[in-house]
Each structure stands twice: as C-alpha cells, then as structure tokens.
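[1] What follows is a predicted structure for the sequence shown.
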Amino acid sequence: MGKRVSKEEIVKIVRQGQREGKTFAATNGCFDILHVGHIRYLEATKKLADYSIVMLNSDFSVKSLKGESRPINGEDDRAEILTALNCVDYVVLFEEKSPANLLEEIKPDIYTKGADYTIETLPERDIVLRNNIKVEFIKFVEGKSTTNIINKINH
C-alpha cells in the first residue's frame, strides 16, 4: 500500500495504529503550488505525532472554494508531490468544501490548522471537541502563499 490511500484505508490504518499506541496528526489543504510555507507547516504537523495525514481537497473541492481557474495542478499531481515528502505519511482526498466529514471518520489524535484560526473560529470545532482531538495551530510563513505566487507570475 502506498502513501495515497482511500477514506476506508486511512480509517483502518488509524484504528490499527491507535490500538498499537501510535499517534496520528492530520491536516488539510489544497496544496496547489507547493512552497516553503507548506513544507514548514507539514514538517511541524509531522513532529507532533508518529504519523501525519494530509486530507487533500479534490479538484472539485478546490474549484468550489477558489474559483474556476483553480487548481493550477490537478489532484493526482498534488497528491503525488505530497507523498514524495518525508514529512507526509498518508494522503487522502475529499470532495467537499470542508474536511469535516473525513475528520469525523478518521478521528486522528491531533488536528493542525493555520494560526489564523482559533478554537472559537475553527470550522471543525464541534468535531474536534466531540472526539477529543487535540488541536495545534501552526504559524504561517509570512508572505508565502499560492495566491502570492500566482499574482507574481501574472504581473
């Protein structure tokens, strides 16, 4: 089995691992044009647990969030790039705008989100509280974003 897994596979992997005392940290995102901010964020997520999971927005999900011109890179390419990173153990795609349903199914030990959120503003707040999932907020690298890269290319 590779690093890119289905919803069903990741749930089995996490349950088995947790029974064996392993910990799992999950995060989510589009990761459209990978940059140093993404790498530092993913490395910080990996340091929190034995295994890291990226819940990756599908192409459909990215379009619904960011508009018809996105993603720049398709879901298969984005998933392959992420699975090539040492700090990413598993990648699982989701179709909805939010990873809420997938997060509810996976029930990782830790959920990471950008530091622009707080527990009060976290869209997945109810899920993490109900499932006793620890939340870690990770600082962004100033000025590093896919949108900034696209704007730079276009100007």
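    Looks like it arrived, so ask away.

[2] Next up, phi/psi of the residue positioned nearest the centre of the chain, please.
    The centre of the chain sits closest to N28, judged by Cα atoms, centre = their mean, with a distance of 2.0 Å. The phi/psi pair for N28 (degrees, to the nearest 10) reads phi -140, psi 160.

[3] What's the first helix or strand after the particular helix or strand that has K63 in it?
    If you go by DSSP states H and E, K63 is part of helix 59-66. Moving toward the C-terminus from helix 59-66, the first helix or strand encountered (DSSP H and E) is helix 75-83.

[4] Report the mean per-residue pLDDT for the first helix or strand past that next one going along the chain.
    Using DSSP H and E, the helix or strand that follows helix 75-83 in sequence is strand 90-94. Averaged across strand 90-94, pLDDT comes to 97.

[5] Show me what strand 90-94 is in contact with.
    For strand 90-94, the surrounding residues in contact (Cβ atoms under 8 Å, 6 or more residues apart in numbering) are 3-7, 9-10, 13, 28, 51-58, 61, 75, 79, 82-83, 101-102, 106. Glycine gets a C-beta too; all of them are placed from N, C-alpha and C.
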